[in-house]
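In: sequence plus the predicted model coming up.
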Amino acid sequence: MPKIDDPFLGPAMFDLRGKQSVRATFKLSQKAIDSIGLVAIHMGIKQKSLFDHIIEDMGALSEIAKTIRIRQFKKIPRRQKTFVLSRKTIDALSAISETYGMPRDALVEYSVKKLESVIMAEKLRHEERKKLHKQMVAHFTAEEAFYKHAIQILGVDDPFCRHFEKTVAMARKTTREVNEFLEKSKILEDF
């Protein structure tokens, strides 16, 4: 039996309990579900962390609860979706739900709306990235042409060409990675 003064039974034990994962099912609009998925995938944030960020702030959640128009919320076509959340997030959601007599689904739906401004800003950045990508490709194409020109003059085994080959290989790798990122980001274009 542990001693009462055991340092492992202090507040840290309760902190760990708050990090437990639990499953929760909500009825949300397709736009809300898409927003959660888009931010999680595009920005590389786990959905659980995303929920922690948008829901765990009790003050912000209280403010959201005050703005919800339940009649309008009930008109939104919704479908069930199960998410993994932290115990702390579920507790915050439940507490605000009880305090304001507001369905948890509505609190989640309106909390997710905060992501729309993030998504729209990211959509604008995506357009700028596409423009920069064209410039990058032109730059790397010129670099490849210069490398081939250097080989014709000096030969492939020349130290200058061998060193420059590393630069060209890195440029190819970077181009491939940026292409993959832009391809993954295309999801923003239809939002």
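Out: Perfect, thanks for sending it. Numbers count the residues shown, from 1 in each chain.

In: distance of residue 112 relative to residue 55?
Out: To residue 55, residue 112 is 9 Å away according to Cβ to Cβ, to the nearest Å. Backbone N, C-alpha and C define where each C-beta goes, glycine included.

In: what does residue 158 give?
Out: As defined by Cβ to Cβ, residue 158 lies at a distance of 61 Å from residue 55.

In: how many neighbours does residue 185 have?
Out: Residue 185: 18 surrounding residues under other Cβ atoms under 10 Å.

In: my read is that it contacts residue 42, right?
Out: Yes: between residue 185 and residue 42 there is a contact under Cβ atoms under 8 Å: 6.1 Å.

In: now do the same for the closest residue to residue 113 other than its chain neighbours: its pLDDT.
Out: Spatially, and ignoring its direct neighbours in sequence, residue 113 is nearest to residue 32 (7.6 Å; Cβ to Cβ, 6 or more residues apart in numbering). With respect to pLDDT, residue 32 scores 91.

In: so what's residue 32 up against?
Out: 108, 109, 112, 113 (Cβ atoms under 8 Å, 6 or more residues apart in numbering).

In: drop anything exposed from these.
Out: Using 16 or more other Cβ atoms under 10 Å as the burial test, the contacts of residue 32 include 108, 109, 112 as buried.

In: in JSON lines, list those along with pLDDT.
Out: Output for those, formatted as JSON lines (pLDDT from 0 to 100):
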{"residue": "108", "pLDDT": "92"}
{"residue": "109", "pLDDT": "92"}
{"residue": "112", "pLDDT": "89"}
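
In: tabulate those residues (a markdown table), appending secondary structure.
Out: As requested, the buried ones among the contacts of residue 32 are exported to a markdown table (DSSP: H, G, I helix; E, B strand; the rest coil):
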| residue | secondary structure |
| --- | --- |
| 108 | helix |
| 109 | helix |
| 112 | helix |
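
In: hang on, the earlier thing: helix, strand, or coil at the residue nearest to residue 113?
Out: helix.

In: distance of it relative to residue 171?
Out: Counting by Cβ to Cβ, the gap from residue 32 to residue 171 is 41 Å.

In: swap in residue 141?
Out: Applying Cβ to Cβ to residue 141 and residue 171 gives a distance of 10 Å.

In: next: residue 106.
Out: On the measure of Cβ to Cβ, residue 106 and residue 171 end up 50 Å apart.

In: which helix of the protein spans the most residues?
Out: For the chain, the helix reaching the highest residue count under DSSP state H is reported as helix 114-154.

In: next structured bit after that helix?
Out: helix 159-185 (DSSP states H and E).

In: which residue sits farthest out from the middle of this protein?
Out: Relative to the centre of the chain, and counting by Cα atoms, centre = their mean, the farthest-placed residue is residue 153 at 48.6 Å.

In: pLDDT at that residue, what is it?
Out: 97.

In: again with residue 56
Out: The score at residue 56 is 69. That number is its pLDDT.
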